[in-house]
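> my questions concern the predicted model and sequence given below.
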Amino acid sequence: MTGVYSTAIVLWAFMSQVMRDGKEAACQSAVARIVAYLTKRGRRAPGADTGNYCRARAKLPEGALKELSNTVAVEAQVQAKPEWLWKGFNAKLIDGFTFKMPDTSENQREYPQRMPFVPCIRCPMHQVPPSAPSACHWHQVLHQVPNR
């Protein structure tokens, strides 16, 4: 991905959607955050149309989320102050989330459903188990955009 919707920008906007709810989780809100960020930095910003963002988000490589999670965890650990540590130790927090994907044959093959199968819940689900150092402040992570 190049141009306005670089991988870093799209991944940041997507994560900002995942971590919010209601209207703040909508594609329109994600595009508004991108516009505000780029405008504030004097860079070319997209229009309010969400189509290009949604297409760019659909092209995100699966490994990008894992790479971002690992990079954020390492950077947070490097920048952690000693007083943030739990009894002087680097404790780890484990969390995760799931998301539904379109009900396509390809997704059904790649992400088979668990048994017992519940017919009314047909969409394949993907589980993402990120981990991060306890010193990491997720609020700060959500409001930072990668420099790439």
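Noted; the coordinates are in hand.
> C-alpha from now on. contacts and neighbour counts both.
OK.
> buried residues in the lengthiest helix in the chain?
Ranked by number of residues, the top helix in the chain under DSSP state H is helix 62-79. Residues of helix 62-79 classed as buried: 65, 68, 72, 73, 76, 77 (neighbour count, 16 or more other CA atoms under 10 Å).
> go on, stretch 13-31?
Buried-residue list, stretch 13-31, by 16+ other CA under 10 Å: 13-17, 24-31.
> out of those residues, which are inside helices?
Short answer: these in helices (DSSP H) are 13, 14, 15, 16, 17, 27, 28, 29, 30, 31.
> the fifth one contacts residue 31, doesn't it?
No. Using CA atoms under 8 Å as the test, residue 17 is too far from residue 31 to be in contact (10.1 Å).
> how far away is residue 110 from residue 103?
The gap separating residue 110 from residue 103 is 11 Å, by CA to CA, to the nearest Å.
> check residue 10 too.
Note on residue 10: its distance to residue 103, by CA to CA, is 23 Å.
> helices of the protein, start to end?
7-18, 27-40, 51-58, 62-79, 105-110, 138-142.
> could I get those as JSON lines with mean pLDDT and distance to residue 91?
Listed next are those as JSON lines, based on pLDDT from 0 to 100; distance: least, CA to CA, whole Å:
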{"stretch": "helix 7-18", "mean pLDDT": "89", "distance to residue 91": "24"}
{"stretch": "helix 27-40", "mean pLDDT": "94", "distance to residue 91": "32"}
{"stretch": "helix 51-58", "mean pLDDT": "92", "distance to residue 91": "33"}
{"stretch": "helix 62-79", "mean pLDDT": "80", "distance to residue 91": "10"}
{"stretch": "helix 105-110", "mean pLDDT": "78", "distance to residue 91": "34"}
{"stretch": "helix 138-142", "mean pLDDT": "42", "distance to residue 91": "15"}
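> in JSON lines: these, plus distance to residue 86.
Shown next, in JSON lines, are the helices of the chain (distance: least, CA to CA, whole Å):
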{"stretch": "helix 7-18", "distance to residue 86": "27"}
{"stretch": "helix 27-40", "distance to residue 86": "34"}
{"stretch": "helix 51-58", "distance to residue 86": "37"}
{"stretch": "helix 62-79", "distance to residue 86": "13"}
{"stretch": "helix 105-110", "distance to residue 86": "40"}
{"stretch": "helix 138-142", "distance to residue 86": "17"}
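> sweet, I'm off.
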